[in-house]
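> below is the sequence, then the predicted model.
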Amino acid sequence: MRHVDPPDAPWGWQTHVLKAGRAWLNDPAADNRNAKDAKPFWNDYRDEIGEAFGYICCYTVVYIANGEADHFIPWAGVRGSRKAHLAYQWSNIRYSDGWINKSKGSSTFPDPFVVQDDWFELRLPDLELYATGKHPPDQDGAIQNLLKRVKDDTRVMKTRRAYFRQYKEGIRPIELVDREAPLLGRALRAHPDELLPADLLRLQAGTL
């Protein structure tokens, strides 16, 4: 993972998601606060959510063109309570690859808005994600939950290997790696022996 600054809500979210969601929750003719699933008003904003987060999954930290709205505090955690409106609150939305969103379930993950960049490192050349131990102790459980899914999961590793291979072959410049696989871009700088010669010279000159 990496730190993510909370993005601004897309235009219309307050009206078409939050207001509509509150109205649905407060419908006197139904017990919607206890419904199995919240009505997904956010689905109409899938592209806007992706754009707000740069189309980078908050948990795998790679480019995902067709990601999903991930509720950091899931519906199961607020269902039937006064906090049920969090299903529609922009501050509770993160961007996630679909498989990890489903895998997450009600498990606790570190909040990308809280995570610091030095909490995790992608190691080369194995491309596995590790915790550095620099996180607060109260994050231990959440970090272990995350690493069970993204340390070396085949779906994540396939993407990391593709970016790494394309960089080494000169197909994908490091600037594009930085944009679409930020942890790999950082790891390449931390392992200069893995940089292409031209990029190594730029790193040594302080321009990379």
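Arrived safely, thanks for sending.
> buried residues in stretch 125-132?
127, 128, 129, 131 (16 or more other Cβ atoms under 10 Å). C-betas here are computed from N, CA, C, even on glycine.
> now stretch 146-166
146, 147, 149, 150, 153, 156, 157, 159, 160, 163, 164.
> in strands, which of the residues you listed fall?
Applying DSSP state E to these, no entry is found in strands.
> how about the residues you listed, which pair is most distant?
Farthest pair in these (Cβ to Cβ) is 146 and 164. Separation: 21.0 Å.
> all strands of this structure, in order?
Chain-ordered strands for the chain, with DSSP E as the definition, fall at 68-71, 93-96, 120-122, 129-131.
> looking at those strands, which is buried most?
Burial among the strands of the chain, expressed as mean neighbours by mean count of other Cβ atoms under 10 Å, is greatest for strand 93-96, which shows a mean of 25.
> partners of it in the sheet?
Within its sheet, and counting by DSSP bridges, strand 93-96 is paired with strand 68-71 (antiparallel).
> quick one: distance of the partner strand to the chain centre.
A distance of 9 Å separates the C-alpha centroid of strand 68-71 from that of its chain, computed with Cα atoms, centre = their mean, to the nearest Å.
> show residues contacting that strand.
Contacting residues not belonging to strand 68-71 are listed as 42-43, 45-46, 49, 58-59, 86-87, 92-98, 101, 104 [Cβ atoms under 8 Å, 6 or more residues apart in numbering].
> quick one: buried residues of the helix or strand bottoming out on mean pLDDT in the chain?
Taking mean pLDDT, DSSP states H and E as the measure, the chain has helix 98-104 as its least confident helix or strand, at a mean of 91. Using 16+ other Cβ under 10 Å as the test for burial, helix 98-104 gives 100, 101, 103, 104.
> contact partners for residue 107?
Taking Cβ under 8 Å, 6+ apart as the criterion, residue 107 is in contact with residue 145.
> from residue 155, how far out is it?
Here the criterion is Cβ to Cβ, to the nearest Å. By it, residue 107 lies 17 Å from residue 155.
> burial check on the nearest residue to residue 131 once chain neighbours are set aside, number of neighbours?
Among residues not flanking residue 131 along the chain, residue 143 sits closest, at 5.2 Å (Cβ to Cβ, 6 or more residues apart in numbering). A count of neighbours around residue 143, defined by other Cβ atoms under 10 Å, yields 20.
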